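Novice: Only the shape, not the letters, is given here:
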Ligand code: HEC
């Protein structure tokens with residue numbers, strides 16, 4: 001092998017090595033960038049998806065919610081809380097309220113209501129309890 005050839009080979013493998021480096025760099029960094037990017041998208045989607053009660057402040061929904069509350073909830077929750085907490089003072093988010101009522105609380109007396117009520121029904125009860133401080 002001539003000196004020139006050797007030199008040429010060295011140079012090539014140098015380039016090849018730097019290419020490997022670049023590829024490795026991209027393989028490492030791109031997925032990370034992707035994770036951050038999707039992380040971002042996710043938070044945006046989640047914020048957008050954070051469920052809000054669409055019935056808040058609506059008179060008819062509140063009246064319907066009161067009917068449901070008086071027939072199904074007041075027995076335990078009473079006007080200012082009984083065996084269950086005072087719902088008029090709940091600190092749960094809309095979404096947490098909905099989930100709690102639909103799924104109940106395992107290991108407590110709070111039943112799951114998803115067989116009886118639609119999501120709209122629960123939103124109406126929520127609109128009712130949010131509309132005042134006590135029964
Ligand atoms: C058999 C009794 C009972 C009935 C009926 C009942 N609950 Fe409850 N509920 C409870 C108890 C007990 C808790 C507290 C559970 C715990 O210790 O975490 C509770 C907790 C809750 C919570 C969580 C409140 C908070 O701030 O953490 C919500 C919301 C709730 N109930 C809504 C309702 C609604 C709406 C109804 C009527 C559709 C209803 N409950 C009917 C017993 C009842």
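Specialist: That came in fine, so what should we check first? These figures come from a predicted structure and were not determined experimentally.
Novice: From the ligand, how far out is residue 70?
Specialist: Residue 70 sits at a distance of 10 Å from the ligand (criterion: Cβ to the nearest ligand atom, to the nearest Å). Every residue, glycine included, has its C-beta placed from N, CA and C.
Novice: which outside residues touch stretch 80-87?
Specialist: Contacts of stretch 80-87 with the rest of the structure, by Cβ atoms under 8 Å, 6 or more residues apart in numbering, involve 69, 73, 75-78, 88-89, 109-110, 129, 134-135.
Novice: Go again with 7 Å.
Specialist: Contacts of stretch 80-87 with the rest of the structure, by Cβ atoms under 7 Å, 6 or more residues apart in numbering, involve 73, 76, 77, 109, 110, 129, 134.
Novice: So what's the model's average confidence on it?
Specialist: The average of the pLDDT scores along stretch 80-87 is 95.
Novice: which parts of this protein sit against the ligand?
Specialist: In this structure, the chain approaches the ligand at residues 72-73, 75-77, 83-85, 87, 90, 92, 97, 100-101, 105, 108-111, 113, 125, judged by Cβ under 6 Å from any ligand atom.
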